[in-house]
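Visitor: everything below, folded, please.
(chains A, B and C)
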Amino acid sequence: MTIIARRLAGHAARGIVMVFAVATISFFIIRNIPGDPMAARYQKLLEQGMSPEAAERATTVMYGFMPKGTLWEQYTDYIAGLFTFDLGVSVTNPGTPVTEVLGEAAKWTVLPVLAGTLLSFLLGVVMGVYAAVKRTGKLGDLLAISGSLLHGVPQYVLALLMMAIFTTILAVLPAGGTADILFEPGFNAGYIGSLIEHATLPVLTYALASYGGWTLAMKSSVVTVLGDDFILAAELRGLKRSIVFRYVARNAILPLFTILALSLGMLFGGAIFIEKIFNYPGLGFLLLESVTNRDYALMGGAFLLITLAIVVANILADLFYTVIDPRVRSGGEVS
Amino acid sequence: MSVLLEGSTTSATMRRNFWRGVWRVMRRKPSRLAGAVILLGFAVMAVFGPMFYPEHLPRDLAAGVYAQPSAEHWFGTDGQGRDVVALVVTGSRYVLLSALVTAVVTVVLGAAIGLFAGFRRGRWDTALMRLTDMKLTIPGLPLLLVLSTIWKFGSAVEMGLLLGLLGWGAVARAVRAQTLSLRERGFIEAARGLGLSTTHIVGKELLPSMAPYVAMNMLIAVTGAVYAQVGLFFLGVLPYEADNWGVMLNLAVFGGGAMTTTAALPYMLAPLLAILLLTLGIVLVVDAMDEIFNPRLREE
Amino acid sequence: MAHPATAQAPGVRIDGLTVVYRTPAGELPAVRDVSLTLEPGSITGIVGESGSGKSTLALSLLNAVQPPGRIAAGSVEIDGLGDVARFEGERLRKARGAHIGYVFQAAQNSLNPLKTVGKQLLDLGRSHGVDDLRGLVREARELLGRMGLDGARVLDSHQHELSGGMRQRVGIMLALVLNAHLVVLDEPTTALDMITQANILRIVREVHAERGLTTLVITHDIGVVAEVADRLAVMYGGRLVEQGPTREVLGAPSHPYTRGLITAIPRLTGDIDEARALPGRPPTLVTVPKEGCVFRERCALRMDVCDTDDPAAAEHGARVVACHAVKVREHA
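Guide: Numbers count the residues shown, from 1 in each chain, chains lettered A, B, ... in the order given. A predicted model of the protein is given here:
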């Protein structure tokens, strides 16, 4: 158990450094924005007859950022804000704290990403095993090449093609949004049906975009394990094919679980294209909107949250690995 | 298997085996030759293509805007009546030039840092690899989006430079791993024992033997960079004045309404096809390289 | 003792065995026209340098030559089983493990890293239709205890928790637990320290006698063979160049290669300069001569006939030697 704790502590420490790094990047970017909107705002409030103290407070609330003071004061104030989850107020959603806007957006990212990733993971693993076992045949070749292609094609290309086929040409699926406005949001069949209908294309695109990667990763993992001595040993001991297959599968899938957790984290950031194309109001969409609208508090918050998702995914991946791999559990090294 | 060919490993025979491997792979699957041909085609298009067009593409008023494909305009016209094929050709220069810059930066930085870490080991190695790890975990696209608020990437070189600075991590890891594994096999110690200088070991022995590996990782990094920059333009966070496939995509989808009507579809499809073809080329080349250098995947 | 010695030990007759590997240069033989008899209840040692084809020969005993290799000719006749080289599918699978035990080199990871030894033992039992799994576990524990291990604890361990010597004993246990009476040990002592080596060899000898086995030991270490084997076979370039009773072969080697091997061993007592390494390098699959004697390039007794004719294996009393020079000397 102490080994798990030590690994966890290491990850947490690295995670905190990461979050700091990202917060620092955000800070410097916001501070170096051309035209310095915070100073401008502060000046404007002063001109409107506000006292300097009140104007400063108002600006700070707005941007989560002190308009005056030395670099160091501004920086410590910004970081201190992070610790109290005070990320400022979103300009595009007047009066709403950034954290609330982020929370609302996060749920539209988490569910489709999760569904799409799990779908592609299952499919990819099965196809990968097949491609590895049949790697001398035509079909295995086809699977591998199609996997490479799908893996290689950028998400937005897939998303645009899906959109062109299913909404523009065939017009069988809705072009965007989360649900039809005709339905009352809530637990009723119409709304839920509409939710599913709207989520279909984003989920399918996530699945299609990562399916190739899983196929390739599983194929190469299976090929590696098939060359391991213990598989030959199992065959020479006359183990049943089904049991040998299980040995191969379990050993081959192990490294993929780590990638699974990591890719879930990464997808939060990668969801930008798909959410933009399908007009889906998730985190990526939010980040993009905040950049376009120059809503800096929101931008910093979204960037931070996406990073945090990756850090958490890293930790989860490691924990998960510790649970399923006995070698890590007892402190041995993993090859 | 110990019975199988334990050839000598001097660099001369390695090179010979390499070309023999290339030849064998190409001969067995000619489709892989197509990959090289495609990449060459794109290079020619980017270098010479724009020379055939005036700086400001003419508007074909007779054809109109969003014209459907015809003999004159293979992929129709855009929202201003310009030929879509011409736009793809002129746009390729930005895309490929910045990809080239990214490639150079990625390889130089990645190889240098990876070699240094693998060669020095110890504290330097730990520090550099921590840094690389961290850089690999910072989400790239969101970072680019955030950076776009203060940096406009007007020129392809600037864009390539930034993407290279963000993308050397994978190559550095690969080079470090290779260096360490060569070291483990006693390669470096043996060379030292022969009285060879460090520059000689690195330049004449290490680098050549890992060049194909580096090249493969570089190609992958470059693919990512191409997608990232086209994607950034597509998202509309960068200026529309640049000639880039991403700008075409953005205008087709968000300006031409490709999501609701079929009129702008050809305009959208042309850059998509260009990206797909480029991807196909890179995938085929990487696949061929993989087969040449990774005997375990070799189909015997 | 529960197992009457030699009562069940099978004899093995390998006849004209040729194993080829497919390479870009065509099919090349790794083992060529090898004939060898394992007497019931004997321990036979096969010695050779790496690339001599000894591992391939060992795998042939289970008809388990890995692609791109295949048995091209010859038979492997095992008492009570038949010609294993003709076996396929389920029949072959059931012969492996239940009748023929194979023990991997200790440095190789022959265990599934994710499962405990005990669970893998149960997998083995289920694969071979053992009904009494409790009995199997008891037997395994006894065997491990016999080899000086804490059986219950070992069965509860993962591979990475075991030392090289322990893994080797687990390998022996898994090879014997189904009551196989033909055992192949592939480099049983390689990568082990000296004390563990001695222990493993003692265990091999004792278990062999107690359970009534026919044992084949593959090694590059003549010392190992001298320690355990009744008979010794020497391989070079895929050919069996000499075989005979261990003492005779080691005491008075006939084939120039065997002689070279023995003079190459440094002794603890005596001058280190007396040990002379064989000149040249052993051939690989690609460099092995297509015709004539495989050893002629490094041979001190090379004659013209060696360039063209591959010497046939000829019996000389209890000895079988494949060498033109040896023949000439006898006839002269």
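
Visitor: how many neighbours does the residue of the stretch 1-150 of chain B found nearest chain A have?
Guide: Of all residues in the stretch 1-150 of chain B, the one sitting closest to chain A is residue B:139 (3.3 Å; Cβ to the nearest Cβ). All C-beta spots, glycine's among them, are computed from the backbone N, C-alpha and C. Residue B:139 sits with 24 neighbouring residues when counted by other Cβ atoms under 10 Å in any protein chain shown.

Visitor: for the stretch 1-150 of chain A, which residue gets nearest to chain B?
Guide: Nearest residue of the stretch 1-150 of chain A to chain B: residue A:148, at 4.6 Å (Cβ to the nearest Cβ).

Visitor: anything in whichever helix or strand that residue is part of near chain C?
Guide: Element membership of residue A:148 [criterion: DSSP states H and E] is helix A:138-152. No: Helix A:138-152 does not reach chain C (Cβ under 8 Å from any Cβ of the partner chain); its nearest approach is 15.3 Å.

Visitor: also stretch B:183-196?
Guide: No: judged by Cβ under 8 Å from any Cβ, stretch B:183-196 and chain C are separated, with a smallest distance of 15.9 Å.

Visitor: which residues of the stretch 1-150 of chain B lie near chain A?
Guide: Residues of the stretch 1-150 of chain B lying close to chain A (Cβ under 8 Å from any Cβ) are B:130, B:133-134, B:137-143, B:145-150.

Visitor: try 6 Å this time
Guide: B:137, B:139, B:141, B:142, B:145, B:146, B:149, B:150 (Cβ under 6 Å from any Cβ of the partner chain).

Visitor: the fifth one: neighbouring residues, count only.
Guide: Residue neighbour count, defined by other Cβ under 10 Å, stands at 25 for residue B:145.

Visitor: low-confidence bits of chain C, can you list those?
Guide: C:1-7, C:106-107, C:267-275, C:327-332 (pLDDT under 70).

Visitor: circling back: would JSON lines of the residues of the stretch 1-150 of chain B next to chain A with pLDDT and secondary structure be doable?
Guide: As requested, the residues of the stretch 1-150 of chain B next to chain A are exported to JSON lines (pLDDT from 0 to 100; DSSP: H, G, I helix; E, B strand; the rest coil):
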{"residue": "B:137", "pLDDT": "72", "secondary structure": "helix"}
{"residue": "B:139", "pLDDT": "78", "secondary structure": "coil"}
{"residue": "B:141", "pLDDT": "84", "secondary structure": "helix"}
{"residue": "B:142", "pLDDT": "86", "secondary structure": "helix"}
{"residue": "B:145", "pLDDT": "87", "secondary structure": "helix"}
{"residue": "B:146", "pLDDT": "85", "secondary structure": "helix"}
{"residue": "B:149", "pLDDT": "82", "secondary structure": "coil"}
{"residue": "B:150", "pLDDT": "80", "secondary structure": "coil"}
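
Visitor: what are the boundaries of the helices in the stretch 1-150 of chain B?
Guide: B:11-28, B:31-48, B:84-120, B:122-137, B:140-147 (DSSP state H, counting those that start in this stretch).

Visitor: PyMOL command for the buried members of the residues of the stretch 1-150 of chain B next to chain A?
Guide: To isolate the buried members of the residues of the stretch 1-150 of chain B next to chain A in PyMOL, using 16 or more other Cβ atoms under 10 Å in any protein chain shown:
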select buried, chain B and resi 137+139+141+142+145+146+149
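
Visitor: which positions in the stretch 51-200 of chain A make contact with chain B?
Guide: Residues of the stretch 51-200 of chain A lying near chain B by Cβ under 6 Å from any Cβ: A:136, A:148, A:149, A:152, A:153, A:154, A:156, A:157, A:164, A:168, A:175.

Visitor: so can I have JSON lines of those residues showing neighbour count and pLDDT?
Guide: Converted to JSON lines, those look like this (neighbours: other Cβ atoms under 10 Å in any protein chain shown; pLDDT from 0 to 100):
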{"residue": "A:136", "neighbour count": "10", "pLDDT": "75"}
{"residue": "A:148", "neighbour count": "22", "pLDDT": "78"}
{"residue": "A:149", "neighbour count": "15", "pLDDT": "78"}
{"residue": "A:152", "neighbour count": "26", "pLDDT": "77"}
{"residue": "A:153", "neighbour count": "22", "pLDDT": "82"}
{"residue": "A:154", "neighbour count": "23", "pLDDT": "84"}
{"residue": "A:156", "neighbour count": "25", "pLDDT": "87"}
{"residue": "A:157", "neighbour count": "23", "pLDDT": "88"}
{"residue": "A:164", "neighbour count": "21", "pLDDT": "84"}
{"residue": "A:168", "neighbour count": "20", "pLDDT": "78"}
{"residue": "A:175", "neighbour count": "16", "pLDDT": "72"}
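
Visitor: burial count for the residue lying closest to residue A:175 once chain neighbours are set aside?
Guide: Nearest non-adjacent residue to residue A:175, counting by Cβ to Cβ, 6 or more residues apart in numbering or on different chains: residue A:167, 4.5 Å away. Using other Cβ under 10 Å, residue A:167 has 19 neighbouring residues.

Visitor: quick one: residue A:117 from chain C, how far?
Guide: Computed as Cβ to the nearest Cβ, to the nearest Å, the residue A:117 to chain C distance reads 24 Å.
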